[in-house]
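Colleague: Build the 3D model from these lines:
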Amino acid sequence: MLAPVKREIAPNFRQLLRLCSKVMRQIRTIAANTFRLVFRRGTGLGVLSALAGIVVFIFFCARGDGTLTGELRLRLRYSLAFASVFLTLCSLFLACLSIRRDLDTKVMHVLTSYPLARWRLWAGKWCGMLAFALCGWLVMLLSATACGAFFRARWIMRAEQAHLEPDFWRQQREALPELPAFDELVVQEYERRRREATLPAGATLRDVRKELRAAVRREVQQVAPNGEKTWTFDLGSIDVDGRDVVLEYIFFAREQRRIVRGVWMLEAVEGPGSYRAEVTAFPYTAGQLRIPALALPADGRVRLTFKSEFSDYLVFNYQRSVKLLVDAGSLWTNVFVASACMVLHLGAVLALGMALATVLTLPVASFAGIVCYAVAVSTGFFSGVVAELASEELGFGGMLSVWVSRLGLWLSIGLRPPAVLGRVCDGRSVLSEALVRSWGIGFLQFSVCCVVFALWSFSRKEIDRVH
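Modeller: I've put the predicted structure just below:
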């Protein structure tokens with residue numbers, strides 16, 4: 001009884017495979033032609049040469065802290081950051097040019113007159129432009145690697161090269177303390193004062209929130225003279241392989257030049273494991289303390305306490321002043337993940353440029369794309385402004401403006417470059433929940449909206465006939 005069913009499925013499956021092969025062959029052909037056109041008049045070689053020149057120039061012009069590890073990290077950070085911005089803007093302009101040039105010269109009219117689905121044509125051109133962007137990214141990485149190797153070979157103090165293995169060629173995963181969200185603490189304080197009827201009378205809601213935030217911030221960040229403060233961490237499973245866990249901390253005080261003395265104490269929440277170390281440090285200066293992995297419990301649940309031996313108040317920034325850094329593998333794994341994130345970002349930029357060029361002229365599409373990219377880069381600033389406006393008592397028009405601004409930020413945040421280059425250069429692991437929340441979700445939303453709009457506008461455009 002199953003034999004007839006198999007005979008019916010087999011031809012359908014083969015037809016599906018032939019159709020997929022035909023579609024992929026068409027997309028690949030268009031992508032190859034698009035890629036070759038970028039290099040036809042020297043544009044592609046010029047962009048790639050400029051990328052290599054920017055990396056080399058910025059790398060050897062930047063200055064670090066005088067140590068080999070610090071010099072390499074800072075020079076790589078600045079050179080890759082400037083080059084990535086240049087690559088993004090060039091990719092945006094070339095994407096607009098790729099669509100607009102074919103429309104203005106009637107080449108697209110000829111292509112769409114053939115029995116070729118428009119979405120395949122659009123996908124082929126997008127793949128071709130993405131291949132060029134990937135070449136640009138590889139040129140950046142190769143140039144930075146060559147500069148780093150040359151700089152290391154010319155470094156005078158040979159003893160510092162031994163520290164590159166634990167300090168530079170490894171990546172570390174950041175573990176932040178388990179603390180409730182700051183806004184939740186503010187809401188709890190507001191509800192407590194409201195129940196106790198201790199809210200200031202006649203004050204506006206904005207002033208009340210401002211005063212509550214200041215009060216809560218003082219309570220959760222300050223350490224009294226000769227007092228102590230405790231944080232709880234979940235490091236996950238600890239693989240004891242001889243690599244230390246690094247405690248990174250920074251605190252603030254009224255007098256910046258007075259040495260602060262204290263004791264760091266680490267103990268397991270459950271089970272054996274403890275560590276204690278006396279430290280001296282200046283305020284406003286990041287300090288590090290290496291903790292042997294053998295002192296940590298297998299489940300990674302630890303309690304960290306700082307006992308102050310200072311005669312004045314100390315301030316630890318909420319959730320950011322204290323971190324535990326756990327080894328997370330090779331630097332090259334981190335570079336691969338960061339490269340994947342950057343290539344995805346460039347794909348979204350190309351989709352935006354091609355979508356704008358479909359409905360606008362080349363100058364207008366290029367300008368609109370640059371504006372969108374600038375807004376996306378500045379989303380942190382604009383989000384703060386919108387939050388400040390939303391805290392005021394606004395009318396219907398004001399609230400409508402706030403919601404429109406939030407919608408624009410929600411759409412443009414996906415175009416924002418992922419915060420991966422700085423993390424790679426600092427030796428911090430790229431894979432983190434914070435990156436997914438801050439960039440990954442917004443990127444998916446923006447990409448879906450951009451591709452849908454691009455395909456819709458491209459399919460509706462009247463280019464089926466040669467005029």
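Colleague: what's around Y373, how many residues?
Modeller: 21 (other CB atoms under 10 Å). Heads up, the C-betas are built off the backbone N, CA and C, glycines and all.
Colleague: Please tell me how far S412 sits from A348.
Modeller: Noted for S412: a distance of 11 Å to A348, by CB to CB, to the nearest Å.
Colleague: With neighbour numbers in mind, choose between those two.
Modeller: S412 (22 against 19).
Colleague: Correct me if wrong, but D183 is in a helix.
Modeller: Yes. Per DSSP: H, G, I helix; E, B strand; the rest coil, D183 lies within a helix segment.
Colleague: Give me the number of neighbouring residues for it.
Modeller: Neighbourhood size, D183 [other CB under 10 Å]: 11.
Colleague: Look at it and report its pLDDT.
Modeller: Here the pLDDT value assigned to D183 is 81.
Colleague: separation between it and R213?
Modeller: D183 is 9 Å from R213, by CB to CB.
Colleague: hmm, back to that, what's the overlap in contacts for S412 and A348?
Modeller: Jointly contacting S412 and A348 under the rule CB atoms under 8 Å, 6 or more residues apart in numbering are F446.
Colleague: May I have the host helix or strand of A374 as CSV, with CA atoms only?
Modeller: Secondary structure from DSSP states H and E places A374 in helix 362-377. Extracted C-alpha coordinates of helix 362-377, given in CSV (Å, rounded to 0.1, in the frame of the first residue of the first chain):
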residue,chain,number,x,y,z
LEU,A,362,20.5,58.0,-6.1
PRO,A,363,21.3,61.2,-4.3
VAL,A,364,18.2,61.1,-2.2
ALA,A,365,18.5,57.4,-1.4
SER,A,366,22.2,57.8,-0.4
PHE,A,367,21.4,60.7,1.8
ALA,A,368,18.4,59.0,3.4
GLY,A,369,20.5,55.9,4.1
ILE,A,370,23.2,57.9,5.8
VAL,A,371,20.6,59.7,7.9
CYS,A,372,19.1,56.3,9.0
TYR,A,373,22.6,55.0,9.8
ALA,A,374,23.4,58.1,11.8
VAL,A,375,20.2,57.9,13.8
ALA,A,376,20.8,54.2,14.4
VAL,A,377,24.3,54.9,15.8
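Colleague: Next one: G70 relative to W155, how far apart?
Modeller: G70 is 12 Å from W155, where distance means CB to CB.
Colleague: again, but for S98
Modeller: As judged by CB to CB, S98 and W155 stand 44 Å apart.
Colleague: Please, which helix or strand holds the closest residue to I99 other than its chain neighbours?
Modeller: In space, and not counting its chain neighbours, I99 is closest to A357: 3.9 Å by CB to CB, 6 or more residues apart in numbering. Counting by DSSP H and E, the element that carries A357 is helix 331-359.
Colleague: list the helices and strands that helix packs on?
Modeller: With contacts taken as 3 or more CB pairs under 8 Å, 6 or more residues apart in numbering; DSSP states H and E, helix 331-359 sits against helix 68-104, helix 118-153, strand 170-175, helix 362-377, helix 421-425, helix 441-460.
Colleague: let's go with 6 Å and repeat that
Modeller: Contacts defined by 3 or more CB pairs under 6 Å, 6 or more residues apart in numbering; DSSP states H and E place helix 331-359 against helix 68-104, helix 118-153, helix 362-377, helix 421-425, helix 441-460.
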